[in-house]
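**Student:** build the 3D model from these lines:
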Amino acid sequence: MQSSLSQPWLFPDAGIRAKNRAVLAPLTHNMSLEGGLVSDNELIWLEKAAAGGFGTLIAAATLVADGGRCWPGQPALLNEQHQARFAEFARIAAGHGALALVQLHHGGVRAIPGLNGRSPVGPSAIPAGGRYPLGVEALTDEGIEAMIAAFADAAVRAYGAGLHGVELHAAHHFLLCNFLNPEVNQRSDKWGGSAANRARILLEIIGAIRARVPRSFLIGVRLSPESYANVQGIKLMNQLEITRLLAAGGLDYVHFSMGDSFKQADEFVGESLLALIASQLGGKLPLMVAGKVQNARDGDALLGLGADLVAVGSAAIGNPDWVKRQSAGQQLIPAPFSEQWLLEQGFNERALDYFRTVPGLLL
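**Tutor:** Predicted structure coming up:
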């Protein structure tokens, strides 16, 4: 890969190095077994991506507590059996010189009642109706403390499995994002109101993890920079204030899920969203971005706009060897991908069922 993506990246506070700046984004695929055990198909796919040259691999959004499931076939990290499967992922990544991370997740208001046997939970109650047929139950103080412990316990299991770190999923209208969003978080106690109060749950999760694992264990946070689709209340300047709080709280990187990494900022007409984020952060925290990265030229352009690490999502589904192909100057397989091709990459029929719901992904 004759690009800046081929350069190694050192996470300065953890003292751990990725062999390049290309990251396999955490990709939903619904391939886990009943109860959340990582399947052989997942491991086959992850091994192809590790062998394909990615310097860092982030496993799909992984459940940390009962009641937060958003997809059938979602992985979990709730017990020793789950941990043992993630140890296989760690072994695979190590065999190819890659860093292995897992994204830790709770669905919050987006948790599916039919998959959890109960109504969703969030920072504040939402009446039944519309998108929330059973309503949303407000977490008590005790419930929030239990959630902090659940995220920390999952991170400790990840460390025990030999992974290099975790990414806390605070984007896309899931639980941690719900707390950050002032339109969803209507609390007037220490968990709501100011940006510092809304970020408190994240900061306490980070602190709880740091108290139990070595400093070399990476902790990242994924954020949405702006509102999108029918999710409102996510404002860029608020998210940047949150990010600055996290930077002071022991975080190793922030991962902005951009949707389109090349878009203009909604609130600042004519300004690159990424360049604005990078300038506001001022190098205080390593910046990872994801969204419409097709090839190494795109990656180089994002590095030029201020990103430090570039996560590849949809393009990697059909090109787990994305890094090696780009390094060798080979053409990538373009989306939409054939179902047979994706089966050959390790995906199974359950994954294809999910991919059929993603516009433009399958032929």
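**Student:** going by C-alpha atoms from here, please, whenever you check contacts or count neighbours.
**Tutor:** Will do.
**Student:** tell me where the stretch 251-363 of the chain has helices.
**Tutor:** Applying DSSP state H, counting those that start in this stretch to the stretch 251-363 of the chain gives helices spanning 273-281, 296-304, 314-317, 322-327, 339-344, 349-355.
**Student:** most tightly surrounded among these?
**Tutor:** Mean neighbour count (mean count of other Cα atoms under 10 Å) peaks for helix 314-317 among the helices of the stretch 251-363 of the chain, with a mean of 23.
**Student:** which one's the longest helix in the chain?
**Tutor:** In the chain, with assignment by DSSP state H, the single longest helix is helix 141-160.
**Student:** just the buried positions in it, please.
**Tutor:** For helix 141-160, a neighbour-count test (16 or more other Cα atoms under 10 Å) marks 144, 147-160 as buried.
**Student:** which residues of the chain score low on pLDDT?
**Tutor:** 1 (pLDDT under 70).
**Student:** same thing but at 90, please
**Tutor:** 1-3, 34, 130, 228-231, 249-250, 267-269, 282-284 (pLDDT under 90).
**Student:** what segments of it are strands?
**Tutor:** With strands called from DSSP state E, the chain shows them at 9-11, 16-18, 22-24, 56-63, 99-105, 121-122, 137-138, 165-170, 218-223, 253-257, 287-290, 309-312.
**Student:** may I have the fourth one as PDB, with CA atoms only?
**Tutor:** If I follow you right, that is strand 56-63. Below are the C-alpha coordinates for strand 56-63, written out as PDB (Å, rounded to 0.1, in the frame of the first residue of the first chain):
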ATOM      1  CA  THR A  56      -6.300  -3.300  13.900                       C
ATOM      2  CA  LEU A  57      -9.500  -5.400  13.900                       C
ATOM      3  CA  ILE A  58     -12.600  -4.400  15.900                       C
ATOM      4  CA  ALA A  59     -15.100  -7.200  16.500                       C
ATOM      5  CA  ALA A  60     -18.800  -6.500  16.000                       C
ATOM      6  CA  ALA A  61     -21.000  -4.800  18.600                       C
ATOM      7  CA  THR A  62     -20.900  -7.200  21.500                       C
ATOM      8  CA  LEU A  63     -23.600  -7.400  24.200                       C
END
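**Student:** other SSEs contacting that strand?
**Tutor:** strand 22-24, helix 40-51, strand 99-105 (3 or more Cα pairs under 8 Å, 6 or more residues apart in numbering; DSSP states H and E).
**Student:** gap between the longest helix of the chain and the chain center?
**Tutor:** 17 Å (Cα atoms, centre = their mean, to the nearest Å).
**Student:** could you dump stretch 260-275 to CSV, C-alpha only?
**Tutor:** Provided in CSV are the C-alpha atoms of stretch 260-275 (Å, rounded to 0.1, in the frame of the first residue of the first chain):
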residue,chain,number,x,y,z
ASP,A,260,-19.9,10.0,5.0
SER,A,261,-16.3,11.0,6.1
PHE,A,262,-16.2,13.5,3.2
LYS,A,263,-19.4,15.4,4.0
GLN,A,264,-19.8,19.0,5.1
ALA,A,265,-20.8,19.8,8.6
ASP,A,266,-24.5,20.3,9.1
GLU,A,267,-24.1,23.2,11.4
PHE,A,268,-21.2,24.9,9.6
VAL,A,269,-22.1,25.3,5.9
GLY,A,270,-19.1,24.8,3.6
GLU,A,271,-16.8,23.3,6.2
SER,A,272,-15.5,19.7,6.1
LEU,A,273,-17.0,17.9,9.0
LEU,A,274,-13.8,15.9,9.5
ALA,A,275,-11.4,18.9,9.2
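**Student:** from the chain's centre, how far out does that stretch sit?
**Tutor:** Worked out by Cα atoms, centre = their mean, stretch 260-275 lies 21 Å from the chain centre.
**Student:** any buried residues in that stretch, and which?
**Tutor:** By 16+ other Cα under 10 Å, the buried positions in stretch 260-275 come out as 261-262, 264-265, 272-275.
**Student:** residue contacts, His96?
**Tutor:** His96 is in contact with 50-51, 53, counting by Cα atoms under 8 Å, 6 or more residues apart in numbering.
**Student:** will you turn those into CSV that also has neighbour count and distance to Ser124?
**Tutor:** Compiled in CSV, the contacts of His96 are given as follows (neighbours: other Cα atoms under 10 Å; distance: Cα to Cα, whole Å):
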residue, neighbour count, distance to Ser124
Ala50, 27, 41
Ala51, 20, 44
Gly53, 27, 43
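**Student:** picking up where we left off before, including distance to Ala296 and mean neighbour count, could the strands of the chain go into JSON lines?
**Tutor:** Formatted as JSON lines, those follow (distance: least, Cα to Cα, whole Å; neighbours: other Cα atoms under 10 Å):
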{"stretch": "strand 9-11", "distance to Ala296": "16", "mean neighbour count": "16"}
{"stretch": "strand 16-18", "distance to Ala296": "17", "mean neighbour count": "17"}
{"stretch": "strand 22-24", "distance to Ala296": "9", "mean neighbour count": "28"}
{"stretch": "strand 56-63", "distance to Ala296": "16", "mean neighbour count": "24"}
{"stretch": "strand 99-105", "distance to Ala296": "20", "mean neighbour count": "27"}
{"stretch": "strand 121-122", "distance to Ala296": "39", "mean neighbour count": "26"}
{"stretch": "strand 137-138", "distance to Ala296": "44", "mean neighbour count": "19"}
{"stretch": "strand 165-170", "distance to Ala296": "24", "mean neighbour count": "25"}
{"stretch": "strand 218-223", "distance to Ala296": "22", "mean neighbour count": "24"}
{"stretch": "strand 253-257", "distance to Ala296": "18", "mean neighbour count": "23"}
{"stretch": "strand 287-290", "distance to Ala296": "13", "mean neighbour count": "25"}
{"stretch": "strand 309-312", "distance to Ala296": "10", "mean neighbour count": "27"}
